[in-house]
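Here is the input, now give the coordinates:
(one chain, ligands or ions: 3)
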Amino acid sequence: MTTSPINQRYLPKQDEVGVIAVGFSGGQPKVGVDDGPQVLIDSGLLTQLSQDLGYKLFGDDKVNLYRELLPQSENADPPFRNMKNPLAASAVTRRIAQQTYEHSVQGRIALTLGGDHSIAIGTIAGTAKATRERLGREIGVIWVDAHSDINTPESSDSGNIHGMPVAFLTGIAKEEREEYFGWLKEDMLLNHRKLVYIGLRDVDAGEKRILREYGIKAFSMFDIDRHGIGRVVEMALAHIGADTPIHLSFDVDALDPQWAPSTGTPVRGGLTLREGDYICESVHETGNLIAVDLVEVNPYLASDEKGKQETIRAGSSLVRCALGESLL
Ligand SMILES: NC(=[NH2+])NCCC[C@H](N)C(=O)O
Ligand SMILES: [Mn+2]
Ligand SMILES: [Mn+2]
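Residues are numbered from 1 along each chain as shown. Ligands and ions are numbered 1, 2, ... in the order given. Here you go, the predicted model:
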C-alpha cells in the first residue's frame, strides 16, 4: 500500500505531544468514567511516552474536572431537545476544543484521555479548526468503536450525548443556541466524507439510516471477519486519502469485553487487543497522525480487579501503539 506521508511542512512536530486529561462523564449516566484518565496516568502511561518513546510532553499532568464550567445542580441543566446534561456537555467540550486547538495549531500531536465519548465533540472541533488554519486542509477521522455515535438528539433513544458526537461534528445535528453546541462553527466541523468507522457492531436503527443517507464509510465486525484487519485498515486509510492529517478517536469498547470489560456500554464480538493495536500502529505508520482520543475507560465497571487492570492495560497499549511503540 502506498501511504506516503503528507508534505514535510505539513507534518506535526512528531516529537511533541499535548496531553488533555478529561475527567468528564456527563455524556452518559454511569459514574466512574471521569476517573479513566487518572487510572491511565497512574498506570505510568505518560512516563512511558516520555521515557520510553522519547516524546516531549506538554499540557496536563493533572486531570481537568472543569468544575467551574458545570451547572450548579442537575436541576440547573434540564434536558434540551432530549439531550441529558446538555449545558455541561456543551460547556466542557467547548473548553476541550480550545485546549486541543492550542496544542494542534502549534503542530503537537493532541492526546486526549477520557472521559466518555461526548468529549470528542471538543477534541475534533479543536483539531479541525487548527488544521484548517495551520495547514489549510480538512482532517480525516478514524472512529474505532462498537457504536457509531451518530445519533441526533431526536434519533437517540437514550438522550445520552456520548451517542451523538459525530452527528454534531459533521453538522448532521445542528443547534443555533450557543450554550447548546451552537458554538460549533463551520471551521470546526468534519466533512462526513473524511470519516471512517472501524469495529461497529451495535448501531441503532436511526443511526443506520443516517449512515446510509450520507454514504458514510463504515467497516463493521462483519467486514473485519470477511477481509481481515490488515485489508480493512488499508481500505480505511485509502478512503481518508494518503495526503490527509488523521485524528484517531478510539472508544475502548471497540475491543471485545474479553480485553476491555471495564466500560459503560460493552458489546460482545469485538476486536482483539492485537487488532486494536494494529489499527493504531498502522495509523502511526502513515506519518499523518495529528491527534488521538482514548475514551470510555471506566475503572469501576469490571466485575473484578483483573478486568479493571486488563482494561487499563489495553487502553494504554492502544495509545502507545498509536504513538509508535511497537514499530521497529
Ligand atoms: N460512546 C459510546 N459508548 N456510545 C454508546 C451509544 C449507545 C447508543 N447508541 C446511544 O446512543 O445511547
Ligand atoms: Mn462505544
Ligand atoms: Mn463511542
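
Would you map the helices across the chain?
Listed in chain order, the helices of the chain (DSSP state H) span 36-42, 45-47, 86-105, 120-135, 165-169, 205-214, 221-227, 229-240, 273-286, 305-322.

Get me the contact residues on the protein for ligand 3.
For the chain, the residues in contact with ligand 3 (CB under 5 Å from the ion) are 117, 145, 149, 251. For the C-beta atoms, the positions are set from N, CA and C on the backbone; glycine is no exception.

ok, now how distant is the third one from residue 311?
With distances taken as CB to CB, to the nearest Å, residue 149 is found 19 Å from residue 311.

and residue 250, bridged to which residues?
With DSSP bridges applied, residue 250 shows beta-bridge pairing to residue 144, residue 294.

my guess is residue 63 contacts residue 25, does it?
No: here residue 63 does not reach residue 25: they are 11.8 Å apart, not a contact under CB atoms under 8 Å.

which one of those two has more residues nearby?
More crowded of residue 63 and residue 25, by other CB atoms under 10 Å: residue 25, with 25 against 20.

got the contact list for that one?
Shown in contact with residue 25 (CB atoms under 8 Å, 6 or more residues apart in numbering): 31-34, 115-116.

would you turn the helices of the chain into TSV with mean pLDDT and mean neighbour count?
Formatted as TSV, those follow (pLDDT from 0 to 100; neighbours: other CB atoms under 10 Å):
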stretch	mean pLDDT	mean neighbour count
helix 36-42	98	21
helix 45-47	98	18
helix 86-105	98	23
helix 120-135	98	26
helix 165-169	99	29
helix 205-214	98	15
helix 221-227	98	16
helix 229-240	98	19
helix 273-286	98	21
helix 305-322	98	20
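
From ligand 3, how far off is residue 217?
Residue 217 is 17 Å from ligand 3, where distance means CB to the ion, to the nearest Å.

Find the nearest non-adjacent residue to residue 325, please.
Residue nearest to residue 325 in three dimensions, not counting chain neighbours: residue 53, with 6.1 Å by CB to CB, 6 or more residues apart in numbering.

show me what contacts that neighbour?
Neighbour list for residue 53: 320, 323-325 [criterion: CB under 8 Å, 6+ apart].
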